[in-house]
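# Show me how the following folds:
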Amino acid sequence: MQDKEARRWTFDAIPREYLVARPRYPDAMVDALIQQAAMGPDDRALEVGPGPGVATRQFAERGIGILAVELGPKLAEVAREYLRDFPKVVIENRDVNAWTPPTEAFRLVYAGQAWHWVDPETGFRKAYDALVPGGVFAPFWNHPADGHAELLQPAYLEHAPELHKERPYASLDERVETRVQDFLAAGVFDAVDPQRFPWTMRRTADEYIAMIATYSDHLRMDPERCARLFDAIRERIEANGGFIERPVTAVAYVCRKPD
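I've put the predicted structure just below:
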């Protein structure tokens, strides 16, 4: 538990790096969630853990109001700057685990890559209570096809074998089903609809390394060993034509509050 709590704060040290390097989400997913929540121009969404505003901006560009609650003060500051042209977006620097949202105030509650940091004992009930009747709760994640991609396995096995301790990786179907069961086990929402939105990520060596350098497990590595890992990754990507392509599936776990 203490390790997880420490990892929650990891990203606040790299707010701008996170904003630049982390991938966006499929536009089709953003549009689908807004449509399913039946959001109008006067409705608001609650975002849990916006970080520097990666997903926030995609939703804000659709014209909706958003209250985004971010743990890290530096991340919140960067998010405010990144979203300064969207007056209907409010960034609050709070710990959602210690915060109670207003009741029945939102048509949509969502979280991009962040819901696993929320205390399940209280988080699901908070989300439910924050929704208007008929509202939608929809945390989502980008799921790469595998852990580190076959091309990069030798680099990880040589320089960071502990990051391979869970191989072979569970299939996407298994990962999705595990998360669905976790949601249902919370005993708040009666049904979960995992909606999939596939896309392809293409990165240069520098772009790929910048992205994984924002992962909590890489940030917590010894810097010298991490540098050797990144050198090995760069070498393998450059030998592969200078790019790495990976299939990714964004999965939104859609739950609805009864009318």
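# C-terminal to the lowest-mean-pLDDT helix or strand in the chain, what's the next element?
Ranked by mean pLDDT, DSSP states H and E, the weakest helix or strand in the chain is helix 2-8, scoring a mean of 65. Counting by DSSP states H and E, the next helix or strand C-terminal to helix 2-8 is helix 15-21.
# Now do R44: how many residues are near it, please.
Using other C-beta atoms under 10 Å, R44 has 18 other residues around it. Using the backbone N, CA and C atoms, a C-beta is placed for each residue, glycine as well.
# try D12
When counting by other C-beta under 10 Å, one arrives at 19 neighbours for D12.
# Now it: closest residue in space that isn't a chain neighbour?
Distances taken as C-beta to C-beta, 6 or more residues apart in numbering place G72 nearest to D12, at 3.1 Å, with adjacent residues excluded.
# got the contact list for the one you found?
Going by C-beta atoms under 8 Å, 6 or more residues apart in numbering, G72 touches 9, 11-12, 15, 51, 93.
# Between those residues, which sits nearest T200?
G51 (23.0 Å; C-beta to C-beta).
# thinking again about what came up before, and the residue nearest to D12, how far from A160?
Counting by C-beta to C-beta, to the nearest Å, the separation of G72 from A160 is 25 Å.
# and what of W115?
Distance from W115 to A160, by C-beta to C-beta: 26 Å.
# Please say which of these two ends up with more neighbours.
W115 (25 against 20).
# I'd guessed that one sits against A138; true?
No. With contacts defined as C-beta atoms under 8 Å, W115 does not count as touching A138, sitting 9.7 Å away.
# What ranges does the stretch 51-200 of the chain have for its helices?
54-60, 73-82, 120-130, 153-159, 172-185 (DSSP state H, counting those that start in this stretch).
# can you list these in TSV and add mean neighbour count and distance to M211?
Output for the helices of the stretch 51-200 of the chain, formatted as TSV (neighbours: other C-beta atoms under 10 Å; distance: least, C-beta to C-beta, whole Å):
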stretch	mean neighbour count	distance to M211
helix 54-60	22	12
helix 73-82	19	17
helix 120-130	18	27
helix 153-159	16	15
helix 172-185	14	20
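# which of these has the lowest average pLDDT?
For the helices of the stretch 51-200 of the chain, mean pLDDT drops lowest on helix 153-159, to a mean of 91.
# Spatially central, which residue of the protein would that be?
The centroid of the chain falls nearest to Q113 when counting by C-alpha atoms, centre = their mean (1.3 Å).
# Please name the nearest non-neighbouring residue to it.
Excluding the flanking residues, the one nearest Q113 by C-beta to C-beta, 6+ apart is W141, at 5.6 Å.
# Bridge partners for the one you found, pull those for me.
Beta-bridge partners recorded for W141 (DSSP bridges): V251.
# show me the contacts for E17.
E17 sits next to 210, 213-214 when contact means C-beta under 8 Å, 6+ apart.
# Could you write me a ChimeraX select line covering just the buried ones among these?
Remark: buried members of the contacts of E17, expressed as a ChimeraX selection using 16 or more other C-beta atoms under 10 Å:
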select :210,214
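# Nearest to R179 among the contacts of E17?
Closest approach between the contacts of E17 and R179, by C-beta to C-beta: T214, at 21.8 Å.
# before we move on, back to that, now, the contacts of E17 that are in helices?
A210 (DSSP state H).
# Tell me the one of the contacts of E17 nearest K126?
Nearest to K126 among the contacts of E17, with distances taken as C-beta to C-beta, is T214, at 26.9 Å.
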